[in-house]
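> Whatever this is, show me its structure:
(one chain, ligands or ions: 1)
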Amino acid sequence: MEFAYSARLAELKRRAGELTKQLMSYEDECERNGSLSEESRHHVKALALDSGLAAMNAPVDSGGAGLSWLEQVVVEEELGQLTNGLWAAVWRPTAAELLACTAAQREQYLIPEVRGLRFGGRAITEPAAGSDLRGIATTAVRTTKGYRINGEKWFVTLGDVADYFVLLAVTQPDNAPTMFLVDKDLPGVECIEVPRYTHQFAFAHPHFRFTDVEVGEDAVLGAVGEGLRLTQATFSEERIVLAAHAMGAAERALALASDWARERVQGGDRIIRHQLIQGMLADSAIDVAVNRTFVHRVAWEVDRQSDLKTLNAKVAMAKIAATEAAGRVADRAVQIFGGRGYLRANPVERIYRDVRLDRIWMGTSEVQRLVVANEIDKRGISTLVHFSGADRS
Ligand SMILES: Cc1cc2nc3c(=O)[nH]c(=O)nc-3n(C[C@H](O)[C@H](O)[C@H](O)COP(=O)(O)OP(=O)(O)OC[C@H]3O[C@@H](n4cnc5c(N)ncnc54)[C@H](O)[C@@H]3O)c2cc1C
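Next up, the predicted model:
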């Protein structure tokens, strides 16, 4: 067992830390205006490209950084310190694209995305299909030239800057869940709402309607009927990233709260000398240290096992544990700051709002618990609670 950063991981962490600091200077603008100006978007994109960390999940032969999962976790944890979703400025193609693009789709979508010339939004969720994707009502009907798509997609993150969607629809008449690459500028694609959310995010999460949108046969990503597998692959990847972000956010909140507790004097002493504050700081340090270790370990295991299916439950455990821990740490940080913790200018207040989402998107905590429980039912607890390679006889 080796728990130290290798020279390569330390270097990636340093590089990601530098990029994080540069992106942090855009937090106030984002909080004030609810998004970033065109000029700021241009700058953050240039910073992401210069760092060499954009499209870090894409293989080197497509121009990406080709980082392993452990490497990505180290980088994403640094980026997770950013409030207002500024980590999203360091874009990542979806796992679905990476797994299933044909040579032509690679040229048309993946490679331009890696270079920052085109962006994709994941259009999965619908009004009646959230946790349970069996409710997908967006249809793709066969035509002489390809498919005609009709339906509504909600909460499409980066939908404002996306050039295309990775969209889940059911082909007719057999209702086969299938992933499509759908250009946003096609006739019949319409943004129907840009809702406001609890957080102030650097990009938007709009709702879209698709009315008789005609796409060619070559718009199918992977095979007809393979849509749920590709969605699952995308979500598993995003869940580890989310867990890493949660740890970055939690560490920042704890660092700010502990600095404050060490200098703020009330009741005749620095508040860190008050035992109730000490308890909150100690619990938060435990939350960060324990969950960080587990998130790194799961990423390390993913790097060693090609069959992600058996690791889905571990990924779910990491997401639940890290995001719920981040919620507790952020809540305590606000409390330790007192009234100042409720000011929007204080990053802990923004972290408090930001991390709330992490228990909802990419699979709610409840549904992730079902994934863990199903694994226990199918294979027992052994795969979940042991290190891989341990003798379980
Ligand atoms: C800001 C934001 C950005 C998003 N970005 C995207 C995006 O880019 N692309 C995309 O496709 N989607 C996106 N989503 C959607 C997100 O993934 C869904 O909101 C999430 O999957 C939950 O679905 P739902 O909102 O329909 O809730 P529901 O599925 O309706 O769940 C409601 C409640 O019921 C619980 N529940 C549901 N099923 C069960 C069960 N079987 N057992 C126990 N409890 C259950 C849930 O845990 C939850 O508490 C985004 C959402 C938000 C808020």
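
> tell me the phi and psi of whichever residue of the stretch 1-150 of the chain sits closest to the ligand?
As assessed by CB to the nearest ligand atom, the ligand sits closest to residue 130 within the stretch 1-150 of the chain, at 1.7 Å. Heads up, the C-betas are built off the backbone N, CA and C, glycines and all. Note on residue 130: backbone dihedrals following degrees, to the nearest 10 are phi -110, psi -90.

> what about the strands in the stretch 51-200 of the chain?
Here the stretch 51-200 of the chain has its strands, by DSSP state E, counting those that start in this stretch, at 120-123, 139-142, 146-153, 164-172, 176-183, 189-193.

> Could you show which parts of the stretch 151-300 of the chain are in contact with the ligand?
Among all residues of the stretch 151-300 of the chain, those adjacent to the ligand (criterion: CB under 6 Å from any ligand atom) are 155-157, 197, 205.

> Return a ChimeraX selection command for the buried portion of these.
Buried members of these, defined by 16 or more other CB atoms under 10 Å, are picked up in ChimeraX with:
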select :155,156,157,205
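
> give me the number of residues near the residue lying closest to residue 163 once chain neighbours are set aside?
The shortest distance from residue 163 to any residue that is not its chain neighbour, by CB to CB, 6 or more residues apart in numbering, is 4.3 Å, and that residue is residue 118. Residue 118 has 18 neighbours, counted by other CB atoms under 10 Å.

> lowest confidence element among the helices and strands of the protein?
Per-element confidence for the chain was summarised using mean pLDDT, DSSP states H and E. The lowest value among helices and strands belongs to helix 382-385, with a mean of 88.

> just checking, what packs against that helix?
The criterion is 3 or more CB pairs under 8 Å, 6 or more residues apart in numbering; DSSP states H and E, and the helices and strands that helix 382-385 contacts are helix 312-337, helix 365-379.

> will you turn those into TSV that also has mean neighbour count, distance to residue 124 and mean pLDDT?
Formatted as TSV, those follow (neighbours: other CB atoms under 10 Å; distance: least, CB to CB, whole Å; pLDDT from 0 to 100):
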stretch	mean neighbour count	distance to residue 124	mean pLDDT
helix 312-337	24	17	97
helix 365-379	14	14	95
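
> Could I get those helices in CSV, plus columns for distance to residue 82?
Converted to CSV, those look like this (distance: least, CB to CB, whole Å):
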stretch, distance to residue 82
helix 312-337, 13
helix 365-379, 23
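
> now the ones you listed in JSON lines, with distance to the ligand?
Below are the helices and strands packed on helix 382-385 laid out as JSON lines (distance: least, CB to the nearest ligand atom, whole Å):
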{"stretch": "helix 312-337", "distance to the ligand": "11"}
{"stretch": "helix 365-379", "distance to the ligand": "3"}
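
> For residue 364, grab phi and psi.
phi -70, psi 160.

> and the nearest residue to it once chain neighbours are set aside, backbone torsions?
Of all residues beyond its chain neighbours, the one nearest residue 364 is residue 131 (5.9 Å), with distances taken as CB to CB, 6+ apart. When quoted as degrees, to the nearest 10, the phi and psi of residue 131 stand at phi -60, psi -40.

> and the nearest residue to residue 328 once chain neighbours are set aside, what element?
In space, and not counting its chain neighbours, residue 328 is closest to residue 287: 5.8 Å by CB to CB, 6+ apart. In the assignment (DSSP states H and E), residue 287 maps to helix 275-304.

> Can you spell out which helices and strands pack onto that helix?
With 3+ CB pairs under 8 Å, 6+ apart as the test, helix 275-304 has helix 69-79, helix 227-263, helix 312-337 packed against it.

> what helices or strands is the longest one leaning on?
In this case it means helix 227-263. Other helices and strands packing on helix 227-263, by 3+ CB pairs under 8 Å, 6+ apart, are helix 69-79, helix 95-100, strand 164-172, strand 176-183, strand 269-270, helix 275-304, helix 312-337, helix 347-354.

> These: lowest mean pLDDT?
Mean pLDDT across the helices and strands packed on helix 227-263 is lowest at helix 95-100; the value there is a mean of 90.

> That one near the ligand at all?
No - no part of helix 95-100 sits near the ligand under the criterion CB under 6 Å from any ligand atom; the closest distance found is 11.7 Å.

> Just the residues contacting that helix, thanks.
In this structure, residues lying in contact with helix 95-100 by CB atoms under 8 Å, 6 or more residues apart in numbering are 57-59, 105, 109-110, 113, 120, 166, 179, 181, 221-222, 226, 230-231, 233-234, 236-238.

> Make a PyMOL selection of whichever of these turn out to be buried.
The command below creates a PyMOL selection of those among the contacts of helix 95-100 that count as buried (16+ other CB under 10 Å):
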select buried, resi 57+58+105+109+110+113+120+166+179+181+221+222+226+230+231+233+234+236+237+238
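
> Ramachandran coordinates for the residue lying farthest from the centre of the chain?
Centroid-distance maximum for the chain: residue 268 at 43.8 Å, with CA atoms, centre = their mean. Reported as degrees, to the nearest 10, the phi and psi values for residue 268 are phi 80, psi 0.
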